[in-house]
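K.L.:
whatever this is, show me its structure:
(4 chains)
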Number of protein chains: 2
Amino acid sequence: MVRWPAEEARLAEIRISGQARLVLVPEGVAPPLTSDPLEDWVRLPASDEDVRARVRVLEDRARGAEEANIPELDENGLLRLGGQWVSLPPVEHRLMGVLLDRYRAVVSRDALARAGWPEGIPGRNVLDVHIVRLRRRLEPLGLVIRTVRSRGYLLEAAS
Amino acid sequence: MVRWPAEEARLAEIRISGQARLVLVPEGVAPPLTSDPLEDWVRLPASDEDVRARVRVLEDRARGAEEANIPELDENGLLRLGGQWVSLPPVEHRLMGVLLDRYRAVVSRDALARAGWPEGIPGRNVLDVHIVRLRRRLEPLGLVIRTVRSRGYLLEAAS
DNA sequence: GCCGGTCCTTCACAGCGGCGAAACAATCGT
DNA sequence: ACGATTGTTTCGCCGCTGTGAAGGACCGGC
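P.N.:
A predicted model of the protein is given here:
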């Protein structure tokens, strides 16, 4: 809930942060125009029902947007996030599967090795190399693999 | 512009067709709720400025959605997109059919081969060659066939 | 603080195979 | 006969994968 034009600076902040917001516009003032579906406005004075209706719609959209922020891995080697996508070769596809199952939680190197090479790990260094390659591939999507020393790795959105 | 609830049936049609619409809601009636960004509503009576502001935002969103429009393939070998068109010879027409069914998703080389040559694939390299030719034909429409190595191909709008 | 060891990161290289694309030949439609 | 469409051959690039090696970050002991 933002008053306009009194809280113009605050509105700008919220817009940048990507949160949903409802702008309250007093009589005689032009409403702010944006095509962002996460922004709406009401002309004051307004009834409680009208405000609640708009808030509920914004909440629905925010929920939808949030779901769009979880990476999606399809069975054909594509990893999608926010309209973009990258293709993952077989090994990295399997690694990504485990990392997404435990999104934002630590996955042990052992679990990763078993997922990537069900038949047994070829060499002692292979996993590290594939983590590096996966990292580079995820960069354009804004995803990061963090190292948790002696524990494993963790996948999350880049800060 | 749709009156509510008087034109309920018309609103339903427009929703299905995916067009942008502004719903006019008289006093004392609950507005229709939808999270579709292409729908908005105003409480009557409303000033011209307020209505115009909402219409302009909807137009902006509709324009954005249009860019995401999918190409259309007719049965005579014509592929249309955004006012332009190209003609496709039989084999490429069949290939394009599968690619459009799975627009923005991966289509395996196998599926493409079966679609292009239902009687059986003539040679080992034919598909590659036809993909190259199709690519050149699609270029003026702003469409691109991406390779997903060892998985297949994917059709999307050029970035 | 200094040191050694472990864990992790990154690069360079090589083999394999998938795919791209030109050039040519054959066939089809008008 | 001519151009458009289709199939074939051939060459080469580049992506995927694993290996070895060099270096950096972190941790404990002294």
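
K.L.:
regarding A:Val23, what is its secondary structure?
P.N.:
For A:Val23, the secondary structure call by DSSP: H, G, I helix; E, B strand; the rest coil comes out as strand.

K.L.:
for it, which non-adjacent residue is closest in space?
P.N.:
Setting aside the residues directly before and after it, A:Val23 is nearest to A:Trp41 in space (CB to CB, 6 or more residues apart in numbering or on different chains), at 4.0 Å. For every residue, glycine as well, the C-beta is placed using N, CA and C.

K.L.:
which of the three states applies to the one you found?
P.N.:
Assigned with three-state DSSP, A:Trp41 falls in the strand class.

K.L.:
burial count for it?
P.N.:
Burial of A:Trp41, expressed as a neighbour count using other CB atoms under 10 Å in any protein chain shown, amounts to 22.

K.L.:
that one contacts A:Val25, correct?
P.N.:
Yes. Using CB atoms under 8 Å, A:Trp41 makes contact with A:Val25 at a distance of 5.3 Å.

K.L.:
touching both of those two, which residues are there?
P.N.:
With contacts taken as CB atoms under 8 Å, 6 or more residues apart in numbering or on different chains, the residues that reach both A:Trp41 and A:Val25 are A:Trp4, A:Pro31, A:Pro32.

K.L.:
excluding its backbone neighbours, what's nearest the spatially most central residue of chain A?
P.N.:
Of all residues in chain A, the one closest to the mean position by CA atoms, centre = their mean is A:Asn69, 2.8 Å from it. Taking CB to CB, 6+ apart, and ignoring the residues beside it in sequence, A:Asn69 has A:Gly82 as its nearest neighbour in space, at 6.8 Å.

K.L.:
what does A:Trp85 give?
P.N.:
Excluding its sequence neighbours, the residue lying closest to A:Trp85 (CB to CB, 6+ apart) is A:Leu78, at 5.2 Å.

K.L.:
what about the residue lying closest to A:Val25 once chain neighbours are set aside, how many neighbours?
P.N.:
The spatial neighbour of A:Val25 that comes closest, neighbours along the chain excluded (CB to CB, 6+ apart), is A:Pro31 at 4.7 Å. Residue crowding around A:Pro31 was assessed by other CB under 10 Å; the count is 19.

K.L.:
so A:Pro31 makes contact with A:Leu24?
P.N.:
No. Counting by CB under 8 Å, A:Pro31 sits too far from A:Leu24 to count as a contact (9.8 Å).

K.L.:
touching chain B at all, stretch A:91-109?
P.N.:
No. Under the criterion of CB under 8 Å from any CB of the partner chain, chain B is not reached by stretch A:91-109; the shortest gap measures 9.5 Å.

K.L.:
picking that back up, now the residue nearest to A:Val25: which helix or strand?
P.N.:
Taking DSSP states H and E as the definition, A:Pro31 sits outside all helices and strands.

K.L.:
now it: how far from B:Val57?
P.N.:
9 Å (CB to CB, to the nearest Å).

K.L.:
which residues are in contact with A:Trp41?
P.N.:
A:Trp4, A:Leu22, A:Val23, A:Leu24, A:Val25, A:Pro31, A:Pro32.

K.L.:
name the nearest of the shared contacts of A:Trp41 and A:Val25 relative to A:Ser17.
P.N.:
Closest approach to A:Ser17 among the shared contacts of A:Trp41 and A:Val25 (CB to CB): A:Pro32, at 16.1 Å.

K.L.:
kindly tell me how buried the closest one is, as a neighbour count.
P.N.:
Using other CB under 10 Å, the number of residues around A:Pro32 comes to 17.

K.L.:
so it sits right up against A:Trp4, yeah?
P.N.:
Yes. Under the criterion of CB under 8 Å, A:Pro32 makes contact with A:Trp4 at 6.0 Å.

K.L.:
now the lengthiest helix in chain A, how far from the centre of its chain.
P.N.:
With DSSP state H setting the assignment, residue counts place helix A:48-67 as the longest helix in chain A. For helix A:48-67, the separation from the chain centroid amounts to 19 Å (computed by CA atoms, centre = their mean, to the nearest Å).
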